[in-house]
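**Student:** only geometry, no sequence info:
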């Protein structure tokens, strides 16, 4: 009966764990301000706007427009207005 060789598993652990820690630290940089856009926040809407299912899609689109007007009338999100991109 052969003994199970754990050296591969141990080597993998000793290599992968520090590598994951380093990657995590690198991804946590303080340059998050550059990711913030200066313009409005764009939100995509995807729904059926043609054909038979358009009846439902147009109702959904009108609901989204109503919610958008309500949110923007209250100052938007974090002071930014919302825009809907229809697809």
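**Tutor:** Okay, I see it. Bear in mind the structure is a predicted one, so any value in this text is a computation, not a measurement.
**Student:** can you give me the neighbour number for residue 44?
**Tutor:** 9 (other C-beta atoms under 10 Å). For every residue, glycine as well, the C-beta is placed using N, CA and C.
**Student:** just use 709 as the starting number from now, easier for me
**Tutor:** Yes, from this point I'll number from 709; that puts the last item at residue 752.
**Student:** need the three-state assignment for it.
**Tutor:** strand (DSSP: H, G, I helix; E, B strand; the rest coil).
**Student:** again with residue 765
**Tutor:** Per three-state DSSP, residue 765 ends up helix.
**Student:** do the same with residue 746
**Tutor:** coil.
**Student:** any idea which element residue 768 lies in?
**Tutor:** Per DSSP states H and E: residue 768 is located in helix 762-781.
**Student:** show me what that helix is packed against.
**Tutor:** strand 749-753, strand 790-794 (3 or more C-beta pairs under 8 Å, 6 or more residues apart in numbering; DSSP states H and E).
**Student:** need the ones you listed in JSON lines with mean pLDDT, can you?
**Tutor:** Below are those laid out as JSON lines (pLDDT from 0 to 100):
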{"stretch": "strand 749-753", "mean pLDDT": "89"}
{"stretch": "strand 790-794", "mean pLDDT": "89"}
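**Student:** in CSV, list these along with distance to residue 771.
**Tutor:** Listed next are the helices and strands packed on helix 762-781 as CSV, based on distance: least, C-beta to C-beta, whole Å:
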stretch, distance to residue 771
strand 749-753, 10
strand 790-794, 11
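**Student:** wait, residue 776 sits on residue 785?
**Tutor:** No - with contact defined as C-beta atoms under 8 Å, residue 776 does not count as touching residue 785 (10.8 Å).
**Student:** higher neighbour count, those two?
**Tutor:** Higher neighbour count among residue 776 and residue 785: residue 776, with 17 against 13, using other C-beta under 10 Å.
**Student:** the closest residue to residue 779 other than its chain neighbours: neighbour count?
**Tutor:** Of all residues not flanking residue 779 in the chain, residue 790 sits nearest, at 5.7 Å (C-beta to C-beta, 6 or more residues apart in numbering). Per other C-beta under 10 Å, the neighbour tally for residue 790 reads 16.
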